[in-house]
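*Asks:* I'll drop the sequence and a predicted model, then ask my questions.
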Amino acid sequence: MFADVIVDISHEKLDRSFQYRIPEHLQPKLQVGMTVWIPFGTANRKITGYVINITDKAAFDEQKTKDILGIETGIETIEARLIALASWIHQQYGSTMNQALKTVLPVKAKVKEKQKKTIGLAVSKKQAEEYLKEAQKKHHKGRERLLTALLEEKDGRLDYSRAVKELQVTRAMLSPLVKAGILRVDTNRIYRGAFGEMTQDLIQSSPQNPQIPNDQQRQVIAGIRQEMSGKGRPCLIRGVTGSGKTLVYMELIHKVLNDNRQVIMLIPEIALTYQTVRRFYEYFGDKVSILHSRLSQGERYDQMEQARQGRVQVMIGPRSALFTPFPNLGMIIIDEEHENSYKSETMPRYHAREVAIQRAKMEHAQVVLGSATPSVDSFYKAKTGAYALFHLSQRFGDRPLPKVEVIDLRQELRDGNRSMISRKLEEAIYQRLARKEQVMLFLNRRGYAGFVSCRSCGFVAKCPHCDVSMSLHNHSRLVCHYCGYGQPAYEKCPACGSPFIGGFKAGTQQIEKMVQKMFPQSRVLRMDFDTTRQKEGHTQILEAFARKEADILIGTQMIVKGHDFPDVTLVGVLAADLSLNDSDYRSGERTFQLLTQAVGRAGRGAMPGEAYIQTYQPEHYSIQSSVTQDYEAFYEEEITYRSLMGYPPKAEMLAIFGGSLDEELLDKGMNYLKEFILMLDKKRQLQIVGPAPEVVGKVQDIYRRVIYVKYRGTGAKSRILTAVKDRLEHYIEINSGFRNIAIQFDFHV
Ligand code: ADP
Ligand code: ZN
Ligand code: ZN
């Protein structure tokens, strides 16, 4: 047996592993992630390294392979734990070990430590005043300037470079004073802050009166504490919007910190706003830090370093914060656990929830998940006992949930209104403008990719085999992205004969124009991909809206996530079905989640809220249950559909993505893979769907295809699909035909 060992975990060196033989007596003990002693270089220096892979194949001449000397057992480093986690990710998601390592190990690029040089008084202020008088008498102008400035500082300390620049301090002037023991020059490492321009504001913000949990919140906190001291299953909190999940998190964190353990809290990047940070800062002070995509590499590295050293104990951030190197991790919280951004779209295609659960298992930490609209996967696990389930069913302070009304856009068309804003919504907007309240108009842009529907009757072109929407290709064919089924596009609606059948075209920009024309007096802000492209773009827009510099905010899903605008009393969803027609089996789930969140934006302040959901499919259960805000009703419908059609969580599903510049080669390769799976599946347990073009069939000249493999496992979770993936990886590796095809795997469990 052989082990691949890395000796330096800086980012550039991760590719560079060295192979060693594992002596027989170490073979039963050695595991990936362990620290080992090895002879290194021509002089065989004895150094330590980390095992990243164990194999029975020698990478080069066996005769020349050196032996591992021993296992370091004394210390289990944070790196070793993260490497073991990388190994799990590598096996689970089928990435290379190197991709997995780069995901989990903090960037140890060559960023220089930041240092700060200061000049300070080495004597008391009183003595310093004496020296100042003396300097004045002797007309030592330079000394006079410096001592005066130092005496003015509270801590008697000045930044060195500032002193040089502003006070013209020179070394010749300083050294006699230092020698005489009057002054000191110090160099300290400083850590780059994560809060940027917020810092000053945060430090000055006085701690608010701590909020006291109400009965429901207390029950949930107690319940989770009990689970922690018992089975320690992941805990799922389903709490309606505005029920105060944040306070529950903060109380839990507080208790974990008291046990000298640290906490990672994941939140979607978009929710990482000033409001959130401020609430945590007020509670935990500088024990809290944040990670976000706008930090420089150096700032990022410093956050990780501070976590390793225990200067920071609560790390808040998106997906990547999961790999914060805390020495004694006690809890991982995932807020808005249903969010798509927790799923990585690049290799390794991991899901933060699954990795969090794995890391927590390895480090004996607790996982807490929270959402108003939990993912169907998580809720299913909670229902079947794999997770513990908790409820927060009331908005804090008994604020009512908004009143919701569905508007049938088919009827609007019948009545001659062809615009995107129904008469009722128009009327409601007028009222708010008159009362100086605010309005949010939400255009659901997901699923924009060319589904076809009838504006007269709501008919949507669906695949007869997969029950997902088909999309229009080249204006002439409808194609299913699961199984590849295709048919000519319709010229008239097959259900009602109307000619108003086609793709949906309006975008946020058109809506903005229309709104401005309809309400010329109103001030309108638009938030979408275009207007938020520059740095801080979305913060600026949200803050302007919060300062009431606009009456109407128009936007895509970005506007519905977690923001608190007390003066918003009306939310209009312009076309709820857009996401319903996503060619994806989760489109019903996403629609329900988006609608619930959108509706939840209204009436968070003192005034009650109202929401209008415009749609061509008013009878769909995702829309119906978002009106009543009834998660359980939605879940029951959805799980029945998943069960009927054989989709996760009622079945396991492996997606195999193929990409190539050569379309013919790609089709051939994908068909070979399908044949190979059929051959593996001797017992006919698997259902193979496709190959089919992906939703976006061609990106930058690269053709894309996908095969889905489904397994309707019963009872205990199977590893059948993992085995299929392993065999496919091997097959691809040894077949040169796949050299020009990029294959990626993705599990839906
Ligand atoms: P959620 O995240 O569940 O949507 P939040 O945590 O944002 O809800 O809470 C909603 C509002 O209620 C916030 O303004 C919060 O400050 C307030 N709140 C929640 N719980 C309490 C409490 N126990 N005491 C005082 N205010 C609370
Ligand atoms: Zn029709
Ligand atoms: Zn199909």
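*Replies:* Structure received. Numbers count the residues shown, from 1 in each chain. Ligands and ions are numbered 1, 2, ... in the order given.
*Asks:* What pLDDT is listed against residue 15?
*Replies:* Residue 15 carries a pLDDT value of 67.
*Asks:* Also residue 551?
*Replies:* Here, the pLDDT recorded for residue 551 equals 95.
*Asks:* Is the residue nearest to it when sequence neighbours are not counted part of a helix or strand, or is it coil?
*Replies:* With C-beta to C-beta, 6 or more residues apart in numbering as the measure, residue 522 is the residue that lies nearest to residue 551, at 4.6 Å, once sequence neighbours are left out. In this view, the C-beta of every residue, glycine as well, is placed from N, C-alpha and C. When states are read from DSSP: H, G, I helix; E, B strand; the rest coil, the local structure at residue 522 comes out as coil.
*Asks:* Next one, pLDDT for residue 522 please.
*Replies:* 93.
*Asks:* How about the stretch 151-300 of the chain: which residue is closest to ligand 1?
*Replies:* Nearest to ligand 1 in the stretch 151-300 of the chain, going by C-beta to the nearest ligand atom, is residue 244, at a distance of 2.9 Å.
*Asks:* surely that residue meets residue 392?
*Replies:* Yes: if you go by C-beta atoms under 8 Å, residue 244 and residue 392 touch, sitting 6.8 Å apart.
*Asks:* what is in contact with these two at once?
*Replies:* Contact with both residue 244 and residue 392 is made by residues residue 217, according to C-beta atoms under 8 Å, 6 or more residues apart in numbering.
*Asks:* still on that earlier bit, tell me the contacts of the residue of the stretch 151-300 of the chain closest to ligand 1?
*Replies:* Residues 213, 214, 217, 392, 396 are the ones in contact with residue 244 under the rule C-beta under 8 Å, 6+ apart.
*Asks:* So what's the residue count around the second one?
*Replies:* To tie it back to what came earlier, the one meant is residue 214. 16 (other C-beta atoms under 10 Å).
*Asks:* which residues sit in contact with it?
*Replies:* Residue 214 touches 244, 396, counting by C-beta under 8 Å, 6+ apart.
*Asks:* same thing with the one 3 residues further on?
*Replies:* Under the criterion of C-beta under 8 Å, 6+ apart, the contact partners of residue 217 comprise 244, 247, 248, 251, 392.
*Asks:* Nearest spatial neighbour of the last one, chain-adjacent residues omitted?
*Replies:* In this case it means residue 392. The shortest distance from residue 392 to any non-neighbouring residue, by C-beta to C-beta, 6+ apart, is to residue 239 (3.3 Å).
*Asks:* quick one: pLDDT of the one you found?
*Replies:* 93.
*Asks:* Equivalent analysis for residue 114, please.
*Replies:* 67.
*Asks:* Check the one 10 residues further on too.
*Replies:* pLDDT for residue 124: 86.
*Asks:* what does residue 75 give?
*Replies:* With respect to pLDDT, residue 75 scores 66.
*Asks:* Give me the below-cutoff pLDDT ranges for the stretch 101-250 of the chain.
*Replies:* Within the stretch 101-250 of the chain, the stretches falling below the threshold (pLDDT under 70) are 106-114, 189-209.
*Asks:* which residues in it form strands?
*Replies:* 114-121, 157-159, 183-190, 235-239 (DSSP state E, counting those that start in this stretch).
*Asks:* What helices and strands are in contact with the third one?
*Replies:* Counting contacts by 3 or more C-beta pairs under 8 Å, 6 or more residues apart in numbering; DSSP states H and E, the secondary-structure elements packed against strand 183-190 are strand 114-121, helix 171-179.
*Asks:* Need the winner for burial among those.
*Replies:* Across the helices and strands packed on strand 183-190, the average number of neighbours (mean count of other C-beta atoms under 10 Å) peaks for strand 114-121, which reaches a mean of 16.
*Asks:* For the stretch 351-500 of the chain, which segments count as strands?
*Replies:* Under DSSP E, counting those that start in this stretch, the stretch 351-500 of the chain gives strands at 366-371, 388-392, 403-408, 438-442, 453-454, 471-473, 477-479, 486-488.
*Asks:* Tabulate these in TSV, adding columns for mean pLDDT and distance to residue 223.
*Replies:* Below are those laid out as TSV (pLDDT from 0 to 100; distance: least, C-beta to C-beta, whole Å):
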stretch	mean pLDDT	distance to residue 223
strand 366-371	97	11
strand 388-392	97	5
strand 403-408	94	30
strand 438-442	94	34
strand 453-454	82	44
strand 471-473	76	45
strand 477-479	83	48
strand 486-488	89	51
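*Asks:* Now do the SS call for residue 92.
*Replies:* Using three-state DSSP as the criterion, the local structure at residue 92 reads helix.
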